[in-house]
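Trainee: only geometry, no sequence info:
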């Protein structure tokens, strides 16, 4: 399962449309943003999970997508996986250059997407029996569109 599929299943298309609409993105533009950011987010999240970064998280702790809590959660996740605000800004700028959507809009949805992706990864962990068993396959698929 790709990270895009995990995000869509974790948040639901309605939540993703709401998140996009808050910053002026159409559903198609939101899909483009997700597709552009997935190759960067997926491997970083999987690496973070493999090093124990998500071990204390539970699927029940996931904030509601689009909420202020999800924004804060996503910023925390981005800080852990990218290690600097400059790296986050760089990722948004690269996505903007790639798909032609304003970097400000991408920066506005990036924390929400990081929160949803992390929650989806934890949910996948829970559904696979409580471990990141088979993480190799997951690592391979997370960045794919």
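Mentor: Nice, I can see it. None of the values given here were measured: they were computed from a predicted structure.
Trainee: what's residue 94 in contact with, if anything?
Mentor: Applying Cβ atoms under 8 Å, 6 or more residues apart in numbering, we find residue 94 in contact with 36, 40. Glycine gets a C-beta too; all of them are placed from N, C-alpha and C.
Trainee: before we move on, which element is it in?
Mentor: helix 85-99 (DSSP states H and E).
Trainee: can you pull the buried residues of that helix?
Mentor: Residues of helix 85-99 classed as buried: 88, 91, 92, 94, 95, 96 (neighbour count, 16 or more other Cβ atoms under 10 Å).
Trainee: With pLDDT and distance to residue 109 as extra columns, can I get those in a markdown table?
Mentor: Shown next, in a markdown table, are the buried residues of helix 85-99 (pLDDT from 0 to 100; distance: Cβ to Cβ, whole Å):
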| residue | pLDDT | distance to residue 109 |
| --- | --- | --- |
| 88 | 90 | 12 |
| 91 | 92 | 12 |
| 92 | 94 | 9 |
| 94 | 95 | 15 |
| 95 | 95 | 10 |
| 96 | 96 | 12 |
